[in-house]
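Undergrad: only geometry, no sequence info:
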């Protein structure tokens, strides 16, 4: 069996016959939903900063919801005056963190017996096109598998914020790309944030050190396509980087940027188990805040 290049591994199982998928996905961002899935301040603050930035540039509506778990015995007509005071304080605090310049900000509690189902229902009921959530954790009401379920099944594009480093105004953004169903969305989100922050964007594609001339040409064409899509030639750089390990290369470069934006995994469950996920490894180990984006539009080929 022949050895596959790192660039091919990064593209995932939907790879085209000549190695790199066309860039796909588009950021609409007209109605952004922020579900408060943890009481930990850093991840919530990064959620809000990311969502507020996107809404401000897009002139989009922003909705904040606080899903409240209720038991089977709880009546359908639920009086929020008896809601846990911590839940009430969290929602009030979240509203205080938003930008007064936004065109429309609203939200409320969402009663649900299952947090994941409650969030998915809110996306559909409120006609949301963009969902911003924090990375899952091992504890609390938002576990890793819950985040993955929300991202996989939401009727909206999903952005997962890894807030361990703290989201601030980034002077530069690292955009690792491999083509495929999420790269266009990742490029559009990077452009939106860079426009707001006057940030530089470096478009990165990683290839093997012994890459063939044909594969090198494909890689150059890919980063050029993404650069043309971004259309900020005065503040955008393309880079085809040769390395023996894709994850190590991206993680190493992330330390030089305030924000790293990467497309969601496109591998099936079996292949992720065997070879791991570049996306997950970057989110776990990057030195900067990582924004993972997933294109869930009907035309997406994402798994």
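TA: Yes, it's here. What you see is a predicted model, and the numbers here were worked out from it, not measured in a lab.
Undergrad: and residue 197, how far is that from residue 53?
TA: For residue 197, the distance to residue 53 (C-beta to C-beta, to the nearest Å) stands at 8 Å. Placement of C-beta: from N, CA and C, glycine included.
Undergrad: tell me what the helix or strand harbouring residue 227 is packed against?
TA: Here residue 227, judged by DSSP states H and E, is contained in helix 213-230. In terms of contact count using 3 or more C-beta pairs under 8 Å, 6 or more residues apart in numbering; DSSP states H and E, helix 213-230 is assigned the packing partners helix 183-197, strand 200-207, strand 236-242.
Undergrad: can the ones you listed go into JSON lines with extra columns for mean neighbour count, mean pLDDT and distance to residue 222?
TA: Formatted as JSON lines, the helices and strands packed on helix 213-230 follow (neighbours: other C-beta atoms under 10 Å; pLDDT from 0 to 100; distance: least, C-beta to C-beta, whole Å):
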{"stretch": "helix 183-197", "mean neighbour count": "24", "mean pLDDT": "95", "distance to residue 222": "8"}
{"stretch": "strand 200-207", "mean neighbour count": "24", "mean pLDDT": "96", "distance to residue 222": "6"}
{"stretch": "strand 236-242", "mean neighbour count": "18", "mean pLDDT": "96", "distance to residue 222": "8"}
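Undergrad: which one of those lies closest to residue 297?
TA: helix 183-197 (8.4 Å; C-beta to C-beta).
Undergrad: what packs against the closest one?
TA: Under the contact criterion of 3+ C-beta pairs under 8 Å, 6+ apart, the helices and strands touching helix 183-197 comprise helix 41-58, strand 172-176, strand 200-207, helix 213-230, strand 259-263, strand 289-294.
Undergrad: Give me the phi and psi angles of residue 279.
TA: Torsion angles at residue 279 (phi, psi; degrees, to the nearest 10) stand at phi -60, psi -50.
Undergrad: That one and residue 213, how far apart?
TA: Counting by C-beta to C-beta, the separation of residue 279 from residue 213 is 28 Å.
Undergrad: between the two, who's got more neighbours?
TA: The residue with more neighbours, out of residue 279 and residue 213 and counting by other C-beta atoms under 10 Å, is residue 279; that gives 26 against 7.
Undergrad: List the single closest residue to that one in space, sequence neighbours excluded.
TA: residue 265 (4.6 Å; C-beta to C-beta, 6 or more residues apart in numbering).
Undergrad: Settle this for me: the one you found is touching residue 283, isn't it.
TA: No - contact criterion C-beta atoms under 8 Å: residue 265 and residue 283 do not qualify, at 10.2 Å.
Undergrad: Counting neighbours, go ahead and name the busier of those two.
TA: residue 265 (24 against 21).
Undergrad: wait, is that one part of a strand?
TA: No - using DSSP: H, G, I helix; E, B strand; the rest coil, the assignment for residue 265 is coil, not a strand.
Undergrad: Begin at 30 from now on, thanks
TA: With 30 as the first residue, the last one maps to residue 294.
Undergrad: what does the model give it for pLDDT?
TA: Residue-level confidence at residue 294 comes out at 77, pLDDT.
Undergrad: Make sure residue 94 is indeed in a strand.
TA: Yes - assessed with three-state DSSP, residue 94 lies in a strand.
Undergrad: what's residue 156 sitting at in phi/psi?
TA: phi 50, psi 50.
Undergrad: tally of neighbours for it?
TA: For residue 156, the number of neighbouring residues by other C-beta under 10 Å comes to 13.
Undergrad: any idea how far residue 65 is from it?
TA: Using C-beta to C-beta, residue 156 is found at 20 Å from residue 65.
Undergrad: Also residue 240?
TA: Distance from residue 240 to residue 65, counting by C-beta to C-beta: 45 Å.
Undergrad: same question, residue 212
TA: 30 Å.
Undergrad: Which residues are in contact with the residue nearest to residue 287 when sequence neighbours are not counted?
TA: Spatially, and ignoring its direct neighbours in sequence, residue 287 is nearest to residue 199 (2.9 Å; C-beta to C-beta, 6+ apart). Neighbour list for residue 199: 222, 226, 228, 286, 287, 288, 317, 318 [criterion: C-beta atoms under 8 Å, 6 or more residues apart in numbering].
Undergrad: By neighbour count, which of those residues wins?
TA: Most neighbours among the contacts of residue 199, by other C-beta under 10 Å: residue 288, with 28 neighbours.
Undergrad: Identify each buried residue in stretch 122-129, please.
TA: Buried residues in stretch 122-129, counted by 16 or more other C-beta atoms under 10 Å: 123, 126, 127.
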